[in-house]
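Participant: Turn this into a structure:
(chains A and B)
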Protein chains: 2
Amino acid sequence: MDQAELPDITHAHVAFDDGLTLECGVALRRLTVAYRTYGRLNADRSNAILVCHALTGDQYVAETHPVTGKPGWWEMVVGPGLPIDTERFFVICANVLGGCMGSTGPRSPRDDTDRPDAARWGTDFPPVTIRDMVRAQKRLVDHLGIARLFAVIGGSMGGMQVLEWAASYPEAVFAAIPIATAANHSAQNIAFNEVGRQAIFADPDWLGGQYWAHGRVPARGLAVARMVAHITYLSEQALTRKFGRRLRGAQQAALFDDTFEVESYLRHQGSSFVRRFDAASYLTITRATDYFDLAADHGGDLSAPFRGTRTRFCIISFSSDWLYPTEESRVIARALNRVAANVSFVEIASDKGHDAFLLDEPDFHRTLAGFLAGCAEHAGLPA
Amino acid sequence: MDQAELPDITHAHVAFDDGLTLECGVALRRLTVAYRTYGRLNADRSNAILVCHALTGDQYVAETHPVTGKPGWWEMVVGPGLPIDTERFFVICANVLGGCMGSTGPRSPRDDTDRPDAARWGTDFPPVTIRDMVRAQKRLVDHLGIARLFAVIGGSMGGMQVLEWAASYPEAVFAAIPIATAANHSAQNIAFNEVGRQAIFADPDWLGGQYWAHGRVPARGLAVARMVAHITYLSEQALTRKFGRRLRGAQQAALFDDTFEVESYLRHQGSSFVRRFDAASYLTITRATDYFDLAADHGGDLSAPFRGTRTRFCIISFSSDWLYPTEESRVIARALNRVAANVSFVEIASDKGHDAFLLDEPDFHRTLAGFLAGCAEHAGLPA
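Facilitator: Numbering: from 1, shown residues only, chains lettered A, B, ... in the order given. Got it, this is the predicted structure:
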């Protein structure tokens, strides 16, 4: 397993010297938000779309990734003439709080001590919530002088941020598109995350969380975490279509080799992930998703935060997504309907599983483009 | 994590000095089959039921387990007056080849070398197949003087053995009941198994497979493997009903504690498993399930091994089982129908997931009892 540590790159960012007090009570003295933008903000600052990334995504939405050298994670969706058209919209994406691509997180210099051996937060980084992530993004949006976002869009954990944006800052969100997401994590979601965390803790290079201070990386554990998560991102049909039971050369049962193609694929997913992600960030961010529970934050009533909202919602799910099944999107749609919100709900027929929002799904792209076009008309955006 | 090694207990067994040549070509010089029986074999030896255990089960079906001190895994089903009535039937269950409860497997003394430092096979134990397991069981059944089993019954990997029995020894199986199983492993099944294997390999106490020679146990890795497998045994509904999002005392987001009840439950499942199972056995047996492909063994035609069969089949699936979904049972039923076999197919409505076959499911128990009663009549067994 590659033991190379995630490189320290300087990402474009804005620093807020007044810091941020987290929901857990810890006050971060400094807050850095790393972000990228695409397209141009118009004169009246009315064409901004905030894209919220998923668990292991980042701000490199529509350009080559500086660490992996691979295309941005949503190049199929964000760009000139694409569903999120950068010739029309100004697209912003920020690395989440707790992430490892330049925003304040476990890899940041800690600001609560002068101990020379504690240059980074590491696993002492305080727990963050989806709401904390959104509050950090709001600082960025304010900094850019944008009073109202035309749209907030995101899939999976990105969709949780979309819901939190619409709940916390309804006047700042004209349209909200939560994709393949849920208003809270199910016991099964929590269980899969917990397996990933335990795999990281079991790695000898975890060193009780002090790996970063010793130049080590719990690469095997993090790879196992990625592998199990990756299975949940795909449907059984997608896995079968991609790999079936095809063998990789070897004809005879072997105990240790990756004999089936699906194994080789998963191992590759695991090991390439380790080169671009940090274990402490993985723990911090999975915890944030586990704790997300929008109804619980509002007295057990998922409708409550949306009462009187003028935001236009388009809720999108995928039929074969078993990580965030359509039913969980329906729960959100029903909560919005109860307060007579302006809500569309679309289930896209797809056999690609949860990951469909990242893949070539023409129906999904058409839905996204159509909803944005309709909203742009209502908002009076120039065509 | 408990580092106590699995105790070396002497299990009731039969030893075959002529050994067994495995499908992979390796000849085991000695073959030991550890087994338990319940009830009494009748005079014409016509009332024997072979129960085949699942991946991490063993021969202690209906009595206190000698290692854990817990009840047998099928005490709800096997016993006097129960669906598999030990007042009527003679029930046999053997620890599978490759297991760790007394049958030949990675913990057995190796018989291909006189090296003093290689007392046990460990990870050098050759790969075994489901067919190898069944061939070892056949030796036991022959040894007991039973020419024809009244029934072969098993769930999950036990169901694979049932199918293999009916395919390999049709004249020796009057009735076959494969439960919650499949004729091969899907890419998703293989993928989940692979995550478990990688978690074991990532454990520092794995020691490249030599843990057993150093008195070490890759307990954390094996526990992670058990945790991920355990999630696949339960339905999302069952997990939600059992745990929902209930917190365990702590009110504040914590990075490392098991804050959600489902986490605490999974950690317990993982750590208690380690005390009764061996990592090399886990690898050996998961590999056997991955390689199982009954159609591929018969020129790609799942009907082929059943042509002309007189065995009566009852195929049982559970509606919420997503590890071996009902559709995979239907594939077996259709293959049997194509050769006009005597086959019943029952999907039990249950929200308990794959594990339903181990739990209190009255409909399932009634189905089992009813099918056995009908077969007993046809077989002319005294009531």
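Participant: In chain A, what helix or strand scores lowest on average pLDDT?
Facilitator: helix A:261-274 (a mean of 84; mean pLDDT, DSSP states H and E).
Participant: Buried residues of that one, list them for me.
Facilitator: Within helix A:261-274, the residues that count as buried by 16 or more other CB atoms under 10 Å in any protein chain shown are A:261-267, A:269-271, A:273-274. In this view, the C-beta of every residue, glycine as well, is placed from N, C-alpha and C.
Participant: Run through these and flag the ones next to chain B.
Facilitator: Within the set of the buried residues of helix A:261-274, contact with chain B (CB under 8 Å from any CB of the partner chain) is found for A:262-263, A:266-267, A:270.
Participant: Just put those in JSON lines and tack on distance to B:Ile177.
Facilitator: Conversion of those to JSON lines gives the following (distance: CB to CB, whole Å):
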{"residue": "A:Val262", "distance to B:Ile177": "30"}
{"residue": "A:Glu263", "distance to B:Ile177": "32"}
{"residue": "A:Leu266", "distance to B:Ile177": "34"}
{"residue": "A:Arg267", "distance to B:Ile177": "37"}
{"residue": "A:Gly270", "distance to B:Ile177": "39"}
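Participant: can you pull the contacts of the residue nearest the centre of chain A?
Facilitator: Most central residue of chain A, judged by C-alpha distance to the mean C-alpha position with CA atoms, centre = their mean, is A:Ala54 at 1.4 Å. By CB atoms under 8 Å, 6 or more residues apart in numbering or on different chains, the residues touching A:Ala54 are A:154-158.
Participant: And it, how far from B:Ser168?
Facilitator: The gap separating A:Ala54 from B:Ser168 is 48 Å, by CB to CB, to the nearest Å.
Participant: sorry, back to before: mark which of the contacts of A:Ala54 are part of helices, please.
Facilitator: Cross-referencing the contacts of A:Ala54 against helices under DSSP state H gives A:157-158.
Participant: ok so, going back, what's the first helix or strand after the least confident helix or strand of chain A?
Facilitator: helix A:279-291 (DSSP states H and E).
Participant: list the helices and strands that next one packs on?
Facilitator: Packed against helix A:279-291 by the contact rule (3 or more CB pairs under 8 Å, 6 or more residues apart in numbering or on different chains; DSSP states H and E) you find helix A:130-143, helix A:157-168, helix A:187-201, helix A:219-233.
Participant: Please identify which helix or strand holds A:Val330.
Facilitator: Small correction: residue A:330 is Arg, not Val. helix A:326-338.
Participant: which parts of that helix are buried?
Facilitator: By neighbour count on 16+ other CB under 10 Å, the buried set for helix A:326-338 is A:326, A:328-329, A:331-333, A:335-336.
Participant: just to revisit the earlier point, now, which of the buried residues of helix A:261-274 sits nearest B:Phe306?
Facilitator: Taking CB to CB as the measure, B:Phe306 sits nearest to A:Val262 out of the buried residues of helix A:261-274, at 28.3 Å.
Participant: What residues of the longest helix belonging to chain A count as buried?
Facilitator: Longest helix in chain A by number of residues (criterion: DSSP H): helix A:362-379. Neighbour counts using 16+ other CB under 10 Å place A:364-365, A:367-369, A:371-372, A:375-376 of helix A:362-379 among the buried residues.
Participant: Stretch A:122-131 now?
Facilitator: In stretch A:122-131, the ones that count as buried by 16+ other CB under 10 Å are A:122-123, A:125-131.
Participant: Take the residues you listed and lay them out in JSON lines including distance to chain B and pLDDT.
Facilitator: As requested, the buried residues of stretch A:122-131 are exported to JSON lines (distance: CB to the nearest CB, whole Å; pLDDT from 0 to 100):
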{"residue": "A:Gly122", "distance to chain B": "11", "pLDDT": "87"}
{"residue": "A:Thr123", "distance to chain B": "6", "pLDDT": "87"}
{"residue": "A:Phe125", "distance to chain B": "8", "pLDDT": "93"}
{"residue": "A:Pro126", "distance to chain B": "9", "pLDDT": "94"}
{"residue": "A:Pro127", "distance to chain B": "4", "pLDDT": "93"}
{"residue": "A:Val128", "distance to chain B": "8", "pLDDT": "96"}
{"residue": "A:Thr129", "distance to chain B": "7", "pLDDT": "96"}
{"residue": "A:Ile130", "distance to chain B": "11", "pLDDT": "98"}
{"residue": "A:Arg131", "distance to chain B": "11", "pLDDT": "98"}
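Participant: just curious, which of the residues you listed is nearest to A:Ala304?
Facilitator: Among the buried residues of stretch A:122-131, A:Arg131 lies closest to A:Ala304 (CB to CB), at 14.8 Å.
Participant: okay, the residue nearest to the closest one when sequence neighbours are not counted: pLDDT?
Facilitator: Once its chain neighbours are removed from consideration, A:Arg131 has its nearest residue in A:Glu164; the separation is 5.4 Å (CB to CB, 6 or more residues apart in numbering or on different chains). We note a pLDDT of 98 for A:Glu164 in this prediction.
Participant: now A:Asp117
Facilitator: 58.
Participant: Now render the buried residues of stretch A:122-131 as CSV, adding distance to B:Ala182.
Facilitator: Listed next are the buried residues of stretch A:122-131 as CSV, based on distance: CB to CB, whole Å:
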residue, distance to B:Ala182
A:Gly122, 44
A:Thr123, 41
A:Phe125, 44
A:Pro126, 46
A:Pro127, 41
A:Val128, 42
A:Thr129, 41
A:Ile130, 38
A:Arg131, 43
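Participant: Right, I'll call it a day here.
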